[in-house]
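[1] missing the sequence, but the structure's below:
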């Protein structure tokens, strides 16, 4: 397995990885494929110019970006086909009515290699020795495919939307092919998909969006946390202010005790210590019974005023807390 040439995904250079894995050597670089793309652009421009360089079709054509390659590492199927032609190789669509395609669908093990494409991702599946290998650059290494599973594997790719091409022609000699003929590979652990960022060195455009989303979520969380802290602080101040206000029940008992002593009730100071809690309660009830109705009314009004003041203070502080929270978020 170590002798099999395998390139891991780097940026969006999957077309380069696909070709080099197919040929089992580092024959093509991104620069080489870009040069092929430019040559194809020149040919297309010359054909369009035959109809006249002053036509609207030609003007639109030269204003549009290249359909064969771009700076991200994308290369069209025409670039792949042109690169294979250098080695005397060609591609035939797997589900076409070409006799080779019919034979491949009947028994794919009789072929030598396949190229698979989905959107802008390319990878190759090739026979080395007498065994088949999935050389997808998104895998951590080559994946051994049995002959019985190859047909099912290709069918599954088609169901997932892949376009499959049969590679025709004689592939170049390679060391892995010679060694695996003598000593077939045994794979006990399947390669992993390169989903971790530390394994995929190039990343892709979505990584920037994920980073921006993560940063936005972090900033949002900080705003929420700061708003919660301000709200908690305001509520704490409100609670402290509420606790410092006189309690209505306390005012009522204090006023009743003072007024009761002036109306002839026996003063608690004339007794040394109450013998029990029941005695103390009876003395307080006796003092309350001797209060005048006017005094009782005034006392209740005073306590209600204190409660109203405390409630207004708490509401104001709560409103201030909510306002601070809304400003922070």
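    The structure has been received and is ready for your questions. As the structure is a computational prediction, the values presented were derived from the model and not from experiment. Numbering: from 1, shown residues only.
[2] C-alpha only now, for contacts and for neighbours.
    Will do.
[3] and the closest residue to residue 168 other than its chain neighbours, what are its phi and psi?
    Leaving aside its sequence neighbours, residue 168 sits nearest to residue 90 (C-alpha to C-alpha, 6 or more residues apart in numbering; 5.3 Å). Backbone geometry at residue 90, expressed as degrees, to the nearest 10, gives phi -140, psi 170.
[4] I'd say residue 90 and residue 171 touch.
    No - checked against C-alpha atoms under 8 Å, the pair residue 90 and residue 171 is beyond contact range at 10.5 Å.
[5] Now do stretch 73-80: everything it contacts.
    Stretch 73-80 is contacted from outside by 11-15, 19, 30, 33-34, 36-37, 40, 67-69, 120, using C-alpha atoms under 8 Å, 6 or more residues apart in numbering.
[6] Let's see that with 7 Å instead.
    12-13, 15, 30, 33, 36-37, 68-69, 120 (C-alpha atoms under 7 Å, 6 or more residues apart in numbering).
[7] Among those residues, which one has the most neighbours?
    residue 15 (27 neighbours; other C-alpha atoms under 10 Å).
[8] Please name the residues that touch that residue.
    75, 122.
[9] which residue sits closest to residue 88, ignoring its sequence neighbours?
    residue 169 (6.4 Å).
[10] doesn't residue 87 make contact with that neighbour?
    No - between residue 169 and residue 87 there is no contact under C-alpha atoms under 7 Å: 8.6 Å.
[11] could you pull out the helices for the stretch 51-200 of the chain?
    Ranges of helices in the stretch 51-200 of the chain, per DSSP state H, counting those that start in this stretch, are 56-63, 77-85, 99-106, 147-159, 175-182.
[12] if you compare these, which one is most tucked away?
    Mean neighbour count (mean count of other C-alpha atoms under 10 Å) peaks for helix 77-85 among these, with a mean of 18.
[13] The helices of the stretch 51-200 of the chain: which one's closest to residue 189?
    helix 147-159 (16.7 Å; C-alpha to C-alpha).
[14] which other residues reach the closest one?
    Contact with helix 147-159 is made by 108-109, as judged by C-alpha under 7 Å, 6+ apart.
[15] again, 10 Å this time
    94-95, 104-109, 114, 116-118, 125, 130-134, 144-146, 160, 162-164 (C-alpha atoms under 10 Å, 6 or more residues apart in numbering).
[16] where in the stretch 151-300 of the chain is pLDDT low?
    Within the stretch 151-300 of the chain, the ranges that satisfy pLDDT under 70 run 196-300.
[17] hang on, residue 28 packs against residue 19?
    Yes - at 7.3 Å, residue 28 and residue 19 qualify as touching, with contact defined as C-alpha atoms under 10 Å.
[18] out of the two, which sits in the busier spot?
    The neighbour comparison of residue 28 against residue 19 (other C-alpha under 10 Å) goes to residue 19, with 22 against 16.
[19] How much space separates that one from residue 47?
    28 Å (C-alpha to C-alpha, to the nearest Å).
[20] Who are the contact partners of the closest residue to residue 113 other than its chain neighbours?
    Distances taken as C-alpha to C-alpha, 6+ apart place residue 126 nearest to residue 113, at 4.2 Å, with adjacent residues excluded. Residues near residue 126 by C-alpha under 10 Å, 6+ apart: 21-24, 109, 111-115, 132-135, 145, 167, 171.
[21] Quick one: buried ones out of those residues?
    For the contacts of residue 126, a burial check counting by 16 or more other C-alpha atoms under 10 Å picks out 21-24, 109, 111-115, 132-135, 145, 167, 171.
[22] In strands only, show me the residues you listed.
    Using DSSP state E, the members of the buried ones among the contacts of residue 126 that fall in strands are 113-115, 132-134, 145, 167.
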